[in-house]
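**Student:** Structure for the following, please:
(chains A and B)
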Amino acid sequence: MGLASWLILIPFLTALAVLAVPTRRSDLIRWVALVGTAAHLALTSYTTWAFWQEASPDLVAVRTETVSRVYLVERVPWFESLGIDYLVGVDGVSMSMVILTSIIIFTGVLASWNVVHRTKEFFTLLLVLVTGVFGVFLSFDLFLFFMFYEVAVLPMYLLIGVWGTGRKEYSAMKLTLMLMVGSALILVGFLAMYHANGSTTFDLTKLAQAHFETGLQRWVFPLIFIGFGILGAMYPFHTWSPDGHASAPTAVSMLHAGVLMKLGGYGALRIGVYLLPEGAQYWGLFFMAVTTINIVYGSLGAITQKDLKYFTAYSSVSHCGFVLFGVATLNLMGLKGAVLQMFSHGVMTGLFFALIGMVYGRTHTRIIPEMGGLGKVMPWLAACFYIGGMASLGLPGLAGFIAESHIFLGGFFGNSWTNPILSRTLTVLATLSIVVTAVYVLRGLATVFQGPVRDPHHAELTDATLTERLSTGILVATLVVTGMVPGLLIDLIEGTLFPIVNRLQATGMAIPGHS
Amino acid sequence: MPDLSFILSHAWLIPALPLASFLLVGLVLRPLHKPLAGAVATAAVFAAAGLSWWLAFDYLHLPKTAGGALPVLVPTSVEWLRFQEGLSVHLGTLLDPISVMLLVVVTTVSALVHLYSTGYLHGEDGYGRYFTFLNLFTFSMLGLVLAPNLVQMYVCWELVGASSFFLIGYYYDRPSAVSASKKAFIVTRFADLGFLLGILVLGYYAFTIHAGMGAAAAGQQALDFAFLTRPDVLSQLQALQGQFLGIGTLTLAAVLIYTGGAGKSAMFPLHIWLPDAMEGPTPVSALIHAATMVVAGVYLVARSFPIFAASAEALQVVMVVGAFTSLFAATIGCTQDDIKRVLAFSTLSQLGYMMFALGVASYEHPLGYTASMFHLFTHAFFKALLFLGAGSVIHAVHTNNIWQMGGLRKYMPITHGLFLLATLAIAGIPPLAGFFSKDEILAAALHSGHTVVFGVGLLVAGMTAFYMFRIYFVTFWGERRLSHLHHQDDHSHDDHSHADPHESPAVMWIPMAVLGLLTIGAGFVPIPEWVRLVPLDGKLPEAHHGVDLAVAIPGTLAGVIGIALAWFFYAGDPQRANSAVLKLGRFYAVIKAKFYFDEIYLFVTKSIIFRLIAGPIAWFDRMVVDGLVNATGWVTRLGGTAVNASQTGQVQTYGSWLMSGVVLAVVVLWATTRQ
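**Tutor:** Sure thing, here's the model as predicted:
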């Protein structure tokens, strides 16, 4: 069995190990989960190295190719008559997403150290969920992809419904149903492509070599993009996200906003744009416009939020808008920016939700105006919040800037087949968010952490514990390293994006009336 | 490139020192040992200053180019962020006369301010945090000065903004400091949006040109200053047909970039953040909000001057806004009671001076460029001294209000002498630094044919002398007034506040004395010989020398009249000033309220953006968008309930349905198969 399979299997095995521990030994359960995710982090690092060994010699060749290369491939025929394989492997984009997920689940386990209610079931479900996520990022067979996708989405219902707060049943139901609508659209799209290719294979690399006729591409692309877009909080299908995040327990919010929402952007890019370039060209500007609404509307919506989780959720709507906006630009810088934004937003929002959980655990309130002056009481948490906030408003030196600068350039440069005036206007509108983001981030953080201590009870609270410092420290360090040395991530993902862009370019040349 | 000495080829060491110290102090020393944190931070910047002086010395001894100018070098360039081929960002160091000059200014003033701060903030809780951010600021500012391309400029530009934000909000439990820090960040961010859009516009067209040039652009990236200011690139940019609202592409890009500069340099109407930024500790105001960060906008325009020179309209904007700001701010400066705010308005006014000097410059009349940089150089020293002097006073009397000071020259002789020196310098009295640079600026305006701007400059020179001597007389002359009012100063040394004010410790007055020496000497530094606008063909004309009496005499006279008026109103009978204020009445009140600009901004943000846009959007999202989602759920459930009625659980009902179905199927089959 190869590295990719182990990456999927380790969380699942850890889940089984957790199940084997007696229920009352909740400390042991945590440690098992922590060791399992730590092992996963180690294996991810090794896989990254192994991937780089294989992929880096090809970096020049892929610049002119039109089919992405996949490395560390494992293929086992599964339903041969239907052309379904167990096909897993790694490429640059999926590698970066696996690194993200591995960091988030490790820090998420640390951040869930004080979950006391049904600890065993909680960690089991969390680990099953993340198994599904790794499966999605590593599978290159659409059927397998879809199966893992459902594995990732469904445990969320229980995790929120059982361990959540507030209107948890309502939120869990809403989230699951809306995401299911998305999966239905995706499934129709998958089957249409499968059928159009003679019902022989679900293999992504083979489907990439098939040429789907223009008419099919044009009706399937929006299904795929909207289907994944719902998961990526695309306007107007984003409303599950504020309620879902607000109700979910800390680690679930972290995983959900940090990783699960990334499946949306990942699928839209990897399957939508890659397999259906003509459809993407036809709809690109439309989706740029929709996601511009996301970006601006989400950030304006965040300004007046009172609950820290709603505040972060609206900020996520805005930032996830950047991911889909980047995908919709359909050029190298935009696509690269989209992947970078997935990574940076994943880490950033994971950090935010971890911190909110820690603050809430102390103050027992998430209402912003009820807090004040906490910076003096909990300097570590305040410092991490400020670093996250600065990343969120795109301060250079942190990850957010790297992603956003790519996306703005991508949007502004546009394409030969889009009207430059329109794509530039949309980009200019999207850039307005950098001001709005500064407004809500600074207002929110100033209210919570600065000024005199508002509630006298808060003056006696303590700063972060060692586990909390470890989990937030890892996330902050990731933001800083990505922002300071962007080349690490760019080198990793660029090789996979060239073929996708080349396909679009080649198709662009073929469209009559465009040059 | 000639053989470079060690420091020229390792110029990156200069920003690297404060960066290393930032990390060391911020992560290790700050929690461990406060005095050591301050000492390390200060030592690192002193070392950087030493290296900068060494670098400047070596740089000035380099062989001149064929055209007679000092060479432009990029000794370090490392790829950092690769957007795509031809558009990749290299971090590096660009050495030319203006960047070397600013290196010296920034490191020198920063080192002195660091030293001063060790005394000023002695024993405070936030001591370690303060030095961490002061180091970060110094590093970012040096990176900005050395930037060889627009993106590094933007990156460091944002970082200085962030460090300024954290330092203005240093007293973070004080609501006024918190809101001032937010205001500073958000207003400059709004301006930076212009900068960003300018980079996008320029990046796009420069990239297109870059791609079209092939091998001729080898080794250069589209956003490098070296590429953007190439004559062939500029002429292609100028020839672009694209128009936006009737504005040519190049003008549009230049004005957008200028917007960023106008935000940082607090040009009207983006000036509102700077007076509030005085909420930060006074040494921060001296370093960031007087000597270095706020001149970044001027520096940006000077750095990309060839782009501006290619668009007469853009330069026109720079000139008009600069001249207006200098007059506008000087007017307000005459009415404020807070010593730091008067200094802040005077900074605004002087920045306007530097900007309009650039605006009147052109390849035909290059003096404005030189004059602007010269004024930037001298202003940094005397304005930093003024702020440190004000800090020393505030440290002693625990108030910012000049009307609660008075008579301090007896108690603080050193501070008094140095403050007077700097006040004379800013008033343009020869032979102090301000005289020479102000003279150059006025000469540049006059000789390039901008008589109105010259007139404004002269008027502002007189007003500057007036309001600066106003605070000087009120603070240091007359009788000692209240000192035990509950104070609003930076500090809380309550134990001293009833005692007589006393001179600041040596660690504070020594840096001030060094700045005093620079205030005397800076005017004699031959900046005008070194910093010259190099024409596109690279051939420098003969430099002009000496003081232009036709400008120097009226300029000095304006200063003397200003001082005399200030003496008349504020040094003698206080009734004179009061009755003048009464006569001006409403007019004076409007000026004193800073023309209500803060209120206008507050109205726009609070009442329009928050109440009319953000609030309704949040409501719309919850009620309408999410309402539709819930409605869908509700309709589905309703449908479910309707169908539920059929699920009775009675076998008879199911049986009858089944039978009806079978009958229906049979009928349908029969009907369809019938020939």
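**Student:** which parts of the stretch 101-250 of chain A sit against chain B?
**Tutor:** A:Lys174, A:Leu177, A:Met178, A:Tyr235, A:Pro236, A:His238, A:Thr239, A:Trp240, A:Asp243 (CB under 8 Å from any CB of the partner chain). Glycine gets a C-beta too; all of them are placed from N, C-alpha and C.
**Student:** Now rank those residues by neighbours and give me the top one.
**Tutor:** A:His238 (29 neighbours; other CB atoms under 10 Å in any protein chain shown).
**Student:** What is the burial count for the nearest residue to that residue once chain neighbours are set aside?
**Tutor:** The shortest distance from A:His238 to any non-neighbouring residue, by CB to CB, 6 or more residues apart in numbering or on different chains, is to A:Val317 (4.9 Å). Neighbour count for A:Val317, taken as other CB under 10 Å: 26.
**Student:** so who does A:Val317 touch?
**Tutor:** A:Val317 makes contacts with A:Ala233, A:Tyr235, A:His238, A:Ser241, A:Pro242, A:Asn294, A:Tyr297, A:Gly298, A:Gly301, as judged by CB atoms under 8 Å, 6 or more residues apart in numbering or on different chains.
**Student:** what's near enough to touch B:Met293?
**Tutor:** So B:Met293 contacts B:Phe137, B:Met141, B:Val160, B:Gly161, B:Ser164, B:Lys264, B:Leu287 (CB under 8 Å, 6+ apart).
**Student:** With A:Gly487 instead?
**Tutor:** If you count contacts by CB under 8 Å, 6+ apart, then A:Gly487 has B:Glu79, B:Trp80, B:Leu81, B:Arg82 around it.
**Student:** Neighbour-wise, which one of the residues you listed leads?
**Tutor:** B:Leu81 leads the contacts of A:Gly487 on contacts (other CB under 10 Å) with 21 neighbours.
**Student:** residues of stretch B:198-213 that come out buried?
**Tutor:** By neighbour count on 16 or more other CB atoms under 10 Å in any protein chain shown, the buried set for stretch B:198-213 is B:198-207, B:209-210, B:213.
**Student:** if you look at it, does any of it touch chain A?
**Tutor:** Yes - judged by CB under 8 Å from any CB, stretch B:198-213 comes into contact with chain A at B:Leu200, B:Val201, B:Gly203, B:Tyr204, B:Phe207.
**Student:** where do the helices sit along the stretch 351-500 of chain A?
**Tutor:** In the stretch 351-500 of chain A, the helices defined using DSSP state H, counting those that start in this stretch lie at A:374-377, A:379-392, A:399-413, A:420-449, A:466-484, A:487-510.
**Student:** Identify whichever of these lies nearest to B:Gly449.
**Tutor:** helix A:420-449 (37.0 Å; CB to CB).
**Student:** now that closest one against helix A:379-392, angle please.
**Tutor:** Here the directions of helix A:420-449 and helix A:379-392 differ by 170 degrees (axes from the mean of the first three to the mean of the last three CA atoms, to 10 degrees).
**Student:** Would you mind measuring from A:Phe221 to chain B?
**Tutor:** A:Phe221 sits 24 Å away from chain B, going by CB to the nearest CB, to the nearest Å.
**Student:** what's the burial count for that residue?
**Tutor:** 27.
**Student:** A:Val115 too?
**Tutor:** Per other CB under 10 Å, the neighbour tally for A:Val115 reads 19.
**Student:** Correct me if wrong: it contacts A:Pro249.
**Tutor:** Yes - contact criterion CB atoms under 8 Å: A:Val115 and A:Pro249 qualify, at 6.9 Å.
**Student:** Now for the two: what residues contact both?
**Tutor:** Common neighbours of A:Val115 and A:Pro249 (CB under 8 Å, 6+ apart) are A:Phe122, A:Trp163.
**Student:** Low-confidence regions, the chain specifically.
**Tutor:** The chain I'm using is chain A. A:508-515 (pLDDT under 70).
**Student:** you looked at the wrong chain, it should be chain B
**Tutor:** Applying pLDDT under 70 to chain B flags residues B:1-2, B:242-246, B:482-499, B:544-546, B:674-675.
**Student:** Strands of that one, residue ranges please.
**Tutor:** According to DSSP state E, chain B carries its strands in the segments B:73-84, B:87-95, B:243-244, B:247-248.
**Student:** Given the longest one, what are its sheet partners and their directions?
**Tutor:** Read that as strand B:73-84. strand B:87-95 (antiparallel) (DSSP bridges).
**Student:** for the last one, same thing?
**Tutor:** Within its sheet, and counting by DSSP bridges, strand B:247-248 is paired with strand B:243-244 (antiparallel).
**Student:** picking that back up, what's the closest of the helices of the stretch 351-500 of chain A to B:Pro281?
**Tutor:** helix A:374-377 (17.1 Å).
**Student:** Report how many residues lie close to residue 432.
**Tutor:** Defaulting to chain A. A:Leu432 has 16 nearby residues by other CB under 10 Å.
**Student:** actually chain B
**Tutor:** When neighbours are counted by other CB under 10 Å, B:Leu432 registers 22.
**Student:** Can you show me the CA trace of the longest strand along chain A as CSV?
**Tutor:** Criterion DSSP E: the longest strand present in chain A is strand A:71-79. Extracted in CSV, the C-alpha atoms of strand A:71-79 (Å, rounded to 0.1, in the frame of the first residue of the first chain):
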residue,chain,number,x,y,z
TYR,A,71,2.2,11.2,-8.7
LEU,A,72,2.4,8.3,-6.1
VAL,A,73,-0.5,6.7,-8.0
GLU,A,74,-2.3,3.6,-6.7
ARG,A,75,-4.9,1.9,-8.8
VAL,A,76,-7.0,-1.1,-7.9
PRO,A,77,-9.9,-2.0,-10.1
TRP,A,78,-13.1,-1.9,-8.2
PHE,A,79,-16.3,-2.2,-10.3
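**Student:** what does that strand contact?
**Tutor:** Under CB under 8 Å, 6+ apart, the answer for strand A:71-79 is A:1-5, A:47, A:50-51, A:54-55, A:84-91, A:140, A:143-144.
**Student:** and the residues you listed, which of them are in strands?
**Tutor:** A:Ile84, A:Asp85, A:Tyr86, A:Leu87, A:Val88, A:Gly89, A:Val90.
**Student:** Got a quick PyMOL command for the buried subset of the residues you listed?
**Tutor:** A single PyMOL command selects the buried members of the ones in strands among the contacts of strand A:71-79 (16+ other CB under 10 Å):
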select buried, chain A and resi 84+85+87+88+89+90
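**Student:** List, out of the ones in strands among the contacts of strand A:71-79, those positioned next to chain B.
**Tutor:** Taking CB under 8 Å from any CB as the test, chain B is in contact with none of these.
**Student:** Show me which of the ones in strands among the contacts of strand A:71-79 is closest to chain B.
**Tutor:** Of all those, A:Val90 has the smallest distance to chain B: 22.2 Å, by CB to the nearest CB.
**Student:** Now do the contacts for the closest one.
**Tutor:** So A:Val90 contacts A:Leu3, A:Ala4, A:Thr47, A:Phe51, A:Val70, A:Tyr71, A:Leu72, A:Val98, A:Leu138 (CB under 8 Å, 6+ apart).
**Student:** now swap in A:His245 and tell me
**Tutor:** Shown in contact with A:His245 (CB under 8 Å, 6+ apart): A:Ser253, A:His256, A:Ala257, A:Lys309, A:Tyr310, A:Thr312, A:Ala313, A:Ser316, A:Phe353.
**Student:** Distance of it relative to A:Phe134?
**Tutor:** 22 Å (CB to CB, to the nearest Å).
**Student:** What about residue 356, how many residues nearby?
**Tutor:** Let's take chain A. Neighbours of A:Ile356 using other CB under 10 Å come to 23.
**Student:** my bad, the chain I had in mind was chain B
**Tutor:** By the measure other CB under 10 Å, the count of residues near B:Phe356 is 31.
**Student:** Brilliant, that's me finished.
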